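>>> Sequence first, then the predicted structure:
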Amino acid sequence: MFIGDDSNERYYMVISDYLARFGYATLAALQHDLGLKCDGIFGRVTEAAVTRPRCGVRETTHVMQARAKRDWSKDPLLYDFTGFVATMPAEAQQRLTAEAVADWNALSPIKARRVRVGERPEITIGAGRGKRHGFDGPGRVLAWAELAGGRMMFDADEDYGTSGGSVRYKNVCSHEWGHILGLDHSRIHTALMAPYYDPDVATPQSPDDVERLQRMYGQPKDGGGNDPVDGQIVILLGQHKAHISDGKVILSR
């Protein structure tokens, strides 16, 4: 049922497409996941909710966890890039991706890093646009991750960045990496793995993201430490600045 000034035709165009695309059986099921009143009515509150930017992963992904444990037995997992969004430098995307992966690495025995020379990735990260890549232009779907294929894709039509009104790249990347590890969407709206984009949430949250990951894989065996990641700045002997490149420490001149 639709409440408002628009026609039933618009209701079917908007909500039917949304339910089918994201795997909701009914409008009430969608409202339940969004924390809205479950009245089955497509009013202005529900309409505002479904037009928010979000992840493109469907809600019917409960097989993710078992599949992740089966697929991700390799240590470490390796990723690489097949493309980049155009609104920020590729180097910044590489650095923010490494930071996002490092945040997840610290929480469980599952570790990941970018490939080095001669290595093949299990996970590829790229960018695309339009229906061919599962996107819909600026707004709504920002990115998606496919666990079975080991792919993460960003919508090339979005204005990604790190400040102002841009979509925060790290926030979206961190969320999608959670899917790569086997987590589905959370019904806790303050969680990183909530389906909707939140510019204020860039790291796995407790209680929810952290606990769900550790129920799957256990506590980190190394106390949560990470190997240095590409682009990270380190200080040697308290005075010499260096950076990490291809897993090696490179002294700055």
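Sure thing, it's come through. Predicted, not measured: the structure shown is a model, and the values here were computed from it.

>>> Which parts of the stretch 51-200 of the chain are helices?
Using DSSP state H, counting those that start in this stretch, the helices found in the stretch 51-200 of the chain span residues 64-71, 90-105, 169-180.

>>> Can you tell me which helices and strands the longest one packs against?
So that's helix 90-105. strand 77-81, strand 112-114, helix 169-180 (3 or more CB pairs under 8 Å, 6 or more residues apart in numbering; DSSP states H and E). Backbone N, C-alpha and C define where each C-beta goes, glycine included.

>>> Enumerate every residue touching the closest residue to residue 83 other than its chain neighbours.
Excluding its sequence neighbours, the residue lying closest to residue 83 (CB to CB, 6 or more residues apart in numbering) is residue 126, at 3.9 Å. The contact partners of residue 126, by CB atoms under 8 Å, 6 or more residues apart in numbering, come to 81-84, 151-154.

>>> looking at this protein, which helix or strand is least sure?
Using mean pLDDT, DSSP states H and E, strand 233-236 stands out as the lowest-scoring helix or strand of the chain, at a mean of 44.

>>> Settle this for me: residue 145 is touching residue 172, isn't it.
No - using CB atoms under 8 Å, residue 145 is not in contact with residue 172; the gap is 10.1 Å.

>>> Report the separation between the spatially most central residue of the chain and residue 148.
Among the residues of the chain, the one closest to the centroid is residue 176, at 1.8 Å (CA atoms, centre = their mean). Look at residue 176 and residue 148: by CB to CB, to the nearest Å, they are 14 Å apart.

>>> likewise residue 142?
Distance from residue 142 to residue 148, by CB to CB: 21 Å.

>>> can you check residue 29 too?
In terms of CB to CB, residue 29 sits 24 Å off from residue 148.

>>> neighbour count winner among these two?
Under the neighbour definition other CB atoms under 10 Å, residue 29 and residue 148 were set side by side, and residue 29 has more, 15 against 10.

>>> Next, give phi and psi for that one.
Dihedral pair for residue 29: phi -60, psi -40, per degrees, to the nearest 10.

>>> which residues sit in contact with it?
Contact analysis of residue 29 by CB under 8 Å, 6+ apart lists nothing.

>>> if I look at it, how far off is residue 89?
41 Å.

>>> repeat for residue 120
26 Å.

>>> where does the stretch 1-150 of the chain have low pLDDT?
Scanning the stretch 1-150 of the chain for pLDDT under 70 picks out the ranges 1-13, 60-73.

>>> Just give me the neighbour total for the spatially closest residue to residue 194 that is not a sequence neighbour.
Excluding the flanking residues, the one nearest residue 194 by CB to CB, 6+ apart is residue 186, at 5.2 Å. Number of residues near residue 186 (other CB under 10 Å) recorded here: 18.
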